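> structural data only, the sequence is not supplied:
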């Protein structure tokens, strides 16, 4: 039976032993989690200083300036909307085909780091084997979480914990089918969702310290610490749930089909 203290102690020990590589992986994970820094780009578009036309003396000058300003403003609005749509499309494509497979590689780095000093080559694991399968499963993981979140948010939070182990499963078995990935993750998190939620909240003081130091503590300590602890949770649940046991020794396909089926999300 895993404990918060046990996971966090193990995480501190292994990530500090491979500190700079773990730090780099955490920086990449931060980029992946935000889906790229699109906020600055979009805010720059909407808050950029655009000044169309001026109010000059005289009624005719005022009317001309106002009409010209309206026309330019309408044209500018169309250009901005077009840029925003194109920008969002680009970021969506990058998220699906770049950031999500990269997350799988980052999770593999931290999982490997539990057992030996992980190398940076692990970060490319999501691109090495069964790339499109990884892309598909990670896409549907995000889509299902989003759709569940439309039901008053709480179901989305619950499902995000249900699907939490999927990147780690793909890191070890990128050829795994989508049905197997979702079913095994659900099984591993069964009875552990609340404990995992409490584990996440146990970092709240560290997150506060990161905020008051403008993210410095987060970059150099908290983020790799949290990421390594999450990998330690996966490792502990593998031992506790033994999800790959059975005749196939690879995936517990028949066992899961008997307890709810693969189609359940």
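Done, it's in. Computed from a predicted structure; not experimentally measured.

> so the residue most central in space within the chain is in which element?
Taking CA atoms, centre = their mean, the centroid of the chain lies closest to residue 33, which sits 3.7 Å from it. Residue 33 belongs to helix 19-34 when assigned by DSSP states H and E.

> figure out how far that helix is from the centre of its chain.
Centre-to-centre, helix 19-34 and its host chain are 11 Å apart (CA atoms, centre = their mean, to the nearest Å).

> so what's residue 145 up against?
Counting by CB atoms under 8 Å, 6 or more residues apart in numbering, residue 145 touches 156, 159, 160, 163. Glycine gets a C-beta too; all of them are placed from N, C-alpha and C.

> neighbour-wise, which one of the residues you listed leads?
Each of these was scored for neighbours by other CB atoms under 10 Å, and residue 163 scores highest at 23 neighbours.

> pretty sure that residue contacts residue 144?
Yes - with contact defined as CB atoms under 8 Å, residue 163 counts as touching residue 144 (7.1 Å).

> which SSE is residue 125 in?
Residue 125 is part of helix 125-128, with elements assigned from DSSP H and E.

> after that helix, next one along is what?
Sequence-wise, the next helix or strand downstream of helix 125-128 (DSSP H and E) is helix 131-149.

> centre of the chain to the helix or strand following that next one, how far?
Note on helix 131-149: by DSSP H and E, the next helix or strand toward the C-terminus is helix 154-162. Taking CA atoms, centre = their mean, the mean C-alpha location of helix 154-162 is offset from the chain mean by 14 Å.

> how about stretch 127-135?
The chain centroid and the centroid of stretch 127-135 are separated by 17 Å under CA atoms, centre = their mean.

> who's in contact with it?
Residues from elsewhere that reach stretch 127-135, judged by CB under 8 Å, 6+ apart: 96-97, 100-102, 104-105, 126, 170, 174-178.

> go through those residues and flag which are in helices.
Of those, the ones assigned to helices by DSSP state H are 100, 101, 102, 104, 105, 126, 170, 178.

> name the nearest of those residues relative to residue 81.
For the ones in helices among the contacts of stretch 127-135, the closest approach to residue 81 (CB to CB) belongs to residue 100, at 27.1 Å.

> now do the contacts for the residue lying closest to residue 124 once chain neighbours are set aside.
Of all residues not flanking residue 124 in the chain, residue 105 sits nearest, at 5.5 Å (CB to CB, 6 or more residues apart in numbering). Applying CB under 8 Å, 6+ apart to residue 105 gives the contacts 122, 123, 124, 125, 126, 127, 171.

> and the residues you listed, which are buried?
Buried by 16 or more other CB atoms under 10 Å: 122, 123, 125, 126, 127, 171, out of the contacts of residue 105.

> need those in a markdown table (columns: pLDDT and distance to residue 238).
Compiled in a markdown table, the buried ones among the contacts of residue 105 are given as follows (pLDDT from 0 to 100; distance: CB to CB, whole Å):
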| residue | pLDDT | distance to residue 238 |
| --- | --- | --- |
| 122 | 97 | 18 |
| 123 | 97 | 21 |
| 125 | 96 | 17 |
| 126 | 95 | 19 |
| 127 | 96 | 24 |
| 171 | 97 | 12 |
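
> what's the closest of these to residue 137?
Comparing the buried ones among the contacts of residue 105 against residue 137 with CB to CB places residue 126 closest, at 10.6 Å.

> tell me the contacts of that closest one?
Contacts of residue 126 by CB under 8 Å, 6+ apart are 100, 101, 102, 103, 104, 105, 108, 134, 170, 171, 174.

> gap between the closest residue to residue 219 other than its chain neighbours and residue 96?
Distance criterion CB to CB, 6+ apart; nearest residue to residue 219, sequence neighbours excluded, is residue 27 at 6.9 Å. Computed as CB to CB, to the nearest Å, the residue 27 to residue 96 distance reads 21 Å.
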